[in-house]
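Participant: Sharing a model prediction with you, sequence too.
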Amino acid sequence: MKAIELKELLDKHRRYLARQQGGVRGDLRMKVLTGLMAPGVNLSEITMSGTVLDDATLTRANFGSADMFGASLARAILREANFRRADMRGINLRAADLTRAILDEADMRPGTLQTHAKATDLAGARMQAASLVGANLQGADLTKSNLKGANLTNADLQSADLTIAILNGASLKGTKLSGARVVGTDFSNADLSGADLRRCDLSGAKLDGANLANADMRDVVMPLELAGVKPELQSVLKDHHQWVLSGGKAGAQASLSGQSFEGARFERINLSYAKLSDCAFTACAFRDSFLLAAQLKGCKFAECRFEKVKLSGATLESVALSACEFRESDFAPLPLGKGSNGEMRSLACTYKDLTKDNLKFVDCIGTPP
């Protein structure tokens, strides 16, 4: 397309947007505009399905509500560009720079060309601090993309590929991630509160400092942290974790009565119903873990820390707690039929901190003051 033709088209489109006489909605369908330099251009509501804008410089351009179906903007510079409510199905944004771009409510689902469904390609895209509130990214390819600090609140990322993507510090509140591929994905310090993570395998994801409050974790495989645990015991504990998550279909129930653990760290592991009677735990840390209905009778805990640990229904009879600290942990009974009630009979407690812990209905008969 010649430069003079493009200038005339954009002038008529400008008048169309202003509802002025002589205005015509711009139509750039299937045009090849590789390397175009047009920072700040207003292309809102334009028709540009199949348009090729690879390597273009379109910083702060406005694509609001544009028809960009199947367009290609590979390696384009799109910093602070506005794509609000644009139809971006099947678009190619591979390695594009979308830093601080606005993609709120944009539709980036796969686009069907004839009988072939083409996924939206955002692989390697730089999208730091971008806004994608409510954006539809179902099935999109976001491998190796950088979304550090991006706002993806209420976005739809179901079945998207986020392999090795960076979402450090991103907001994913209420985001739909069910079935997404998150191998090596960095969610550190991200806000995933209320997110739908069903069927996600997070075993290879980085979740340090991530907020998972009220997230839907059904059928989720979580990364485990078992630092300081002997390799042979790690294997038993991991098998138990899988046994719980699979409802007994995989792995095996742990029976580690009488074992000793010193300086070990148990993070994001499910040890519900584990047989751990008479074990000794010294200077160990439990965080974001489950010990529901676990058999802990006669265990000795010295200088241990429990943070956000679920101990509902655990057998705590004759357990010794010396200089232990509990933060936001739950000792309340399980619903009838799902395990024993919380039992702390003959519990020996010294210097025990129960900050914000739930002890409602727990049986503490015989526990020393």
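Facilitator: All right, it came through fine.

Participant: only C-alpha atoms for contact and neighbour calcs from this point on.
Facilitator: Fine.

Participant: If I look at Pro333, what pLDDT would I see?
Facilitator: What the model reports for Pro333 is a pLDDT of 62.

Participant: I meant to write Ile166 there.
Facilitator: The confidence metric pLDDT takes the value 97 at Ile166.

Participant: ok, what's across the strand from it?
Facilitator: Each beta-bridge partner of Ile166 is listed here, defined by DSSP bridges: Asn146, Asp186.

Participant: Next, count neighbours for it.
Facilitator: A total of 26 residues lie near Ile166 under the criterion other Cα atoms under 10 Å.

Participant: show me what contacts it?
Facilitator: Listed by Cα atoms under 8 Å, 6 or more residues apart in numbering, the contact set of Ile166 reads 144-148, 185-187.

Participant: Out of the residues you listed, which comes closest to Phe306?
Facilitator: Among those, Phe187 lies closest to Phe306 (Cα to Cα), at 23.1 Å.

Participant: on that earlier part again, may I ask which of the contacts of Ile166 has the most neighbours?
Facilitator: In terms of neighbours by other Cα under 10 Å, the contacts of Ile166 top out with Leu147 at 30 neighbours.

Participant: I'd like to know how far that residue sits from Leu197.
Facilitator: 18 Å (Cα to Cα, to the nearest Å).

Participant: is it true that Ser203 touches His241?
Facilitator: No: look at Ser203 against His241 with Cα atoms under 8 Å: they stay out of range, at 11.9 Å.

Participant: between the two, who's got more neighbours?
Facilitator: Neighbours were tallied for Ser203 and for His241 using other Cα under 10 Å; the higher tally belongs to His241 (27 against 15).

Participant: Can you tell me the SS state at the more buried one?
Facilitator: Going by DSSP: H, G, I helix; E, B strand; the rest coil, the secondary structure assigned to His241 is helix.

Participant: so who does it touch?
Facilitator: 251, 269-271.

Participant: mind running it again at 7 Å?
Facilitator: For His241, the set of contacting residues under the criterion of Cα atoms under 7 Å, 6 or more residues apart in numbering consists of 269-271.

Participant: Then Gly149?
Facilitator: Applying Cα under 7 Å, 6+ apart, the residues near Gly149 are 128-129, 167-170.

Participant: Quick one: distance of stretch 277-295 to the chain centre.
Facilitator: For stretch 277-295, the distance between its averaged C-alpha position and the chain's averaged C-alpha position is 27 Å (Cα atoms, centre = their mean, to the nearest Å).

Participant: and what of stretch 138-154?
Facilitator: The answer for stretch 138-154 is 10 Å, by Cα atoms, centre = their mean.

Participant: Quick one: mean pLDDT for it?
Facilitator: For stretch 138-154, mean pLDDT is 96.

Participant: for this protein, what spans make up the helices?
Facilitator: Shown for the chain, the helices assigned by DSSP state H span residues 3-17, 231-245.

Participant: worst average pLDDT in these?
Facilitator: Taking each of the helices of the chain in turn, the lowest mean pLDDT turns up on helix 231-245, with a mean of 90.

Participant: any chance you could map the strands in this protein?
Facilitator: Counting by DSSP state E, one finds strands in the chain at the ranges 111-113, 116-118, 260-262, 265-267, 280-282, 285-287, 300-302, 305-307, 320-322, 325-327, 348-350, 353-355.

Participant: Could I get these in CSV, plus columns for distance to Glu8 and mean pLDDT?
Facilitator: Listed next are the strands of the chain as CSV, based on distance: least, Cα to Cα, whole Å; pLDDT from 0 to 100:
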stretch, distance to Glu8, mean pLDDT
strand 111-113, 30, 66
strand 116-118, 32, 64
strand 260-262, 76, 97
strand 265-267, 62, 93
strand 280-282, 77, 97
strand 285-287, 63, 94
strand 300-302, 78, 93
strand 305-307, 65, 92
strand 320-322, 80, 88
strand 325-327, 67, 87
strand 348-350, 82, 50
strand 353-355, 69, 53
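
Participant: Output those strands as JSON lines; include the columns distance to Ala86.
Facilitator: Conversion of the strands of the chain to JSON lines gives the following (distance: least, Cα to Cα, whole Å):
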{"stretch": "strand 111-113", "distance to Ala86": "13"}
{"stretch": "strand 116-118", "distance to Ala86": "17"}
{"stretch": "strand 260-262", "distance to Ala86": "56"}
{"stretch": "strand 265-267", "distance to Ala86": "42"}
{"stretch": "strand 280-282", "distance to Ala86": "56"}
{"stretch": "strand 285-287", "distance to Ala86": "43"}
{"stretch": "strand 300-302", "distance to Ala86": "57"}
{"stretch": "strand 305-307", "distance to Ala86": "44"}
{"stretch": "strand 320-322", "distance to Ala86": "59"}
{"stretch": "strand 325-327", "distance to Ala86": "46"}
{"stretch": "strand 348-350", "distance to Ala86": "61"}
{"stretch": "strand 353-355", "distance to Ala86": "49"}
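
Participant: could these be laid out in CSV, adding distance to Arg84 and mean neighbour count?
Facilitator: Shown next, in CSV, are the strands of the chain (distance: least, Cα to Cα, whole Å; neighbours: other Cα atoms under 10 Å):
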stretch, distance to Arg84, mean neighbour count
strand 111-113, 18, 15
strand 116-118, 21, 13
strand 260-262, 54, 16
strand 265-267, 40, 21
strand 280-282, 54, 19
strand 285-287, 40, 21
strand 300-302, 55, 20
strand 305-307, 41, 21
strand 320-322, 56, 19
strand 325-327, 43, 19
strand 348-350, 58, 16
strand 353-355, 45, 14
